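A.B. asks: no sequence for this one, just the structure:
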């Protein structure tokens, strides 16, 4: 059985049960992790709380050097981490190479922000005064991490949290805890005990973490339902919440874009990690003048993509994580078919796979917004296509959702680009290059997606609270103090 990481020590804690970790491509049992208890959460929070004053007082330059060392250690163990992540989570190896690159670079990026950013001096309100704003850490931050990008989304949380002077308690997904534990083992042993802690478990373990009164902030990526549950628990305690709750991202394809660019860009943005990405393109609107040809070319392209084990070098699309996630995708596809949609390719469990949770990527037409596949987050390898007549109609369709994480547009027309990024309600707008990120640019959503931001200066600021210091240097009696009577 694997162990948890509490106060700089590896331990099974108070766990009496274990959680199996399964390879989604082979259904092989990889390992078992402890099912953390409330006592384990208490121990982790106690350690983080005790470590916080010293870590918060550590000079920014020293914290920066320690985080750069984290990044360097990740690079030194990159190959092993990529292999483990591929077996645990299922993405093709090449996609996990990208995830590891982003993981260690994120620590380098926030090391430098934490080195120089403490606040700002502002103009005084009167002569003899000195005003400044200090950014301070919250204290203990609970980080609840999803399974689809377990290292990347972990880094997006704990790198800025640590750089700002917080300590952290991590609750990894029960589906993908192994790479997180290995990352802590190989890259964090030089940090003071208690600065970083990991408690493994199911959702009830995460709820204990949310409820703990000494956890001043919760950073969570996951479903709307779980985010709402977290918010309902945290609100009476006035905890700071950082929530990213998924999406139903649209892509609009204008008639001036090259067919091959649109086909390949869409396939990538919809099928990366078998569509198990919060920013996956899940709704596609194609101009009616090109709809028929585009649908045929897309279906032909998608049908030739190779499903397989992510460790095989020619694999394009790996398995879904678990059977119940695959069942939800198939339910959305079949619901659409019953309502009149037509499948051009895929949309079924593939033949020839004795093991693994694979699903043939589906391209559908004759869909509309009454169908679940156009309204609910599918989180799987599906591409539903709708034609549109005017750009006004396309924008209206793109905005017809409760989510607002990302949105894509494929065009060379600058006027359409300007209208799209001004009028579509989404936290990230991609033009001709979907699903790319930038360390210096904020990532997050609007509407039911939540309001948190990761990456960029904004991602650092999420983990700080500000204090305004108003200092009258002279310290004399003021004319506006009592009494009010004229002298």
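C.D. replies: Good, I have the coordinates. These numbers were taken from a predicted model, which means no experiment stands behind them.
A.B. asks: which ones are touching the residue positioned nearest the centre of the chain?
C.D. replies: Nearest residue to the geometric centre of the chain (CA atoms, centre = their mean): residue 153, 4.7 Å. Contacts for residue 153 (CB atoms under 8 Å, 6 or more residues apart in numbering) come out as 145-146, 221, 454. Quick note: C-beta positions are derived from backbone N, CA and C, even for glycine.
A.B. asks: can you count the residues close to residue 14?
C.D. replies: Residue 14 is flanked by 16 other residues according to other CB atoms under 10 Å.
A.B. asks: likewise for residue 198?
C.D. replies: 28.
A.B. asks: for residue 59, what are phi and psi?
C.D. replies: The phi and psi values for residue 59, taken as degrees, to the nearest 10, are phi -60, psi 140.
A.B. asks: sketch out the low-pLDDT regions of the protein for me.
C.D. replies: In the predicted model of the chain, residues 486-487 satisfy pLDDT under 70.
A.B. asks: how about a cut-off of 90?
C.D. replies: Counting by pLDDT under 90, the chain has low-confidence residues at 1, 125-126, 451, 474, 479-480, 485-487.
A.B. asks: that one: helices as residue ranges?
C.D. replies: Taking DSSP state H to define them, one finds helices in the chain at 38-57, 60-76, 78-89, 93-116, 152-163, 178-187, 203-211, 224-234, 259-271, 291-303, 323-338, 391-399, 414-423, 456-461.
A.B. asks: ok, and what's touching the shortest one?
C.D. replies: Surrounding helix 456-461, the residues in contact under the criterion CB under 8 Å, 6+ apart are 110, 113-114, 117, 135, 156, 160, 163-164, 438-444, 453.
A.B. asks: which of these are buried, as a ChimeraX select command?
C.D. replies: In ChimeraX syntax, the buried subset of these is picked out as below (16 or more other CB atoms under 10 Å):
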select :110,113,114,117,135,156,160,163,164,439,442,443,444,453
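A.B. asks: what is the burial count for residue 137?
C.D. replies: 21.
A.B. asks: can you check residue 79 too?
C.D. replies: 11.
A.B. asks: which of the helices of the chain sits closest to residue 217?
C.D. replies: Checking those against residue 217 by CB to CB gives helix 152-163 as the closest, at 8.0 Å.
A.B. asks: angle of that closest one against helix 178-187?
C.D. replies: 40 degrees (axes from the mean of the first three to the mean of the last three CA atoms, to 10 degrees).
A.B. asks: centre of the chain to helix 152-163, how far?
C.D. replies: The chain centre lies 11 Å from the centre of helix 152-163; the measure is CA atoms, centre = their mean, to the nearest Å.
A.B. asks: can you list the helices of the chain in JSON lines and add distance to residue 124?
C.D. replies: Below are those laid out as JSON lines (distance: least, CB to CB, whole Å):
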{"stretch": "helix 38-57", "distance to residue 124": "28"}
{"stretch": "helix 60-76", "distance to residue 124": "25"}
{"stretch": "helix 78-89", "distance to residue 124": "50"}
{"stretch": "helix 93-116", "distance to residue 124": "23"}
{"stretch": "helix 152-163", "distance to residue 124": "30"}
{"stretch": "helix 178-187", "distance to residue 124": "44"}
{"stretch": "helix 203-211", "distance to residue 124": "41"}
{"stretch": "helix 224-234", "distance to residue 124": "37"}
{"stretch": "helix 259-271", "distance to residue 124": "50"}
{"stretch": "helix 291-303", "distance to residue 124": "61"}
{"stretch": "helix 323-338", "distance to residue 124": "57"}
{"stretch": "helix 391-399", "distance to residue 124": "45"}
{"stretch": "helix 414-423", "distance to residue 124": "38"}
{"stretch": "helix 456-461", "distance to residue 124": "24"}
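A.B. asks: residues touching stretch 83-100, excluding its own?
C.D. replies: Against stretch 83-100 from outside (CB under 8 Å, 6+ apart): 21, 23-25, 30, 74, 78, 81-82, 147-152, 175-176, 178-179, 182, 272-274, 310-311, 313, 315-321, 357.
A.B. asks: and with 7 Å instead?
C.D. replies: Residues from elsewhere that reach stretch 83-100, judged by CB atoms under 7 Å, 6 or more residues apart in numbering: 21, 23-25, 30, 74, 78, 81-82, 147, 149-152, 176, 178-179, 182, 272-273, 310-311, 315-316, 318-319, 321.
A.B. asks: tell me which of the helices of the chain sits most buried.
C.D. replies: helix 152-163 (a mean of 27; mean count of other CB atoms under 10 Å).
A.B. asks: how about residue 262, what does it touch?
C.D. replies: Contacts of residue 262 by CB under 7 Å, 6+ apart are 253, 294, 410.
A.B. asks: reformat the residues you listed as CSV; add distance to residue 328.
C.D. replies: Converted to CSV, the contacts of residue 262 look like this (distance: CB to CB, whole Å):
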residue, distance to residue 328
253, 26
294, 27
410, 28
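A.B. asks: out of these, who's nearest residue 64?
C.D. replies: residue 410 (39.8 Å).
A.B. asks: so who does residue 317 touch?
C.D. replies: 271, 274, 305, 307, 361, 381.
A.B. asks: quickly list what it is bridged to.
C.D. replies: Counting by DSSP bridges, residue 317 forms beta bridges with residue 307.
A.B. asks: quick check: the gap between it and residue 225.
C.D. replies: Distance from residue 317 to residue 225, counting by CB to CB, to the nearest Å: 27 Å.
A.B. asks: residue 380 now?
C.D. replies: 18 Å.
A.B. asks: follow-up on the earlier one: residue 434 is nearest to which of the helices of the chain?
C.D. replies: Of the helices of the chain, nearest to residue 434 by CB to CB is helix 259-271, at 3.6 Å.
A.B. asks: what angle do helix 291-303 and the closest one make with each other?
C.D. replies: Using the same axes, to 10 degrees: helix 259-271 against helix 291-303 is 60 degrees.
A.B. asks: starting at the chain centroid, how far to helix 259-271?
C.D. replies: 22 Å.
A.B. asks: for stretch 464-481, same thing?
C.D. replies: 41 Å.
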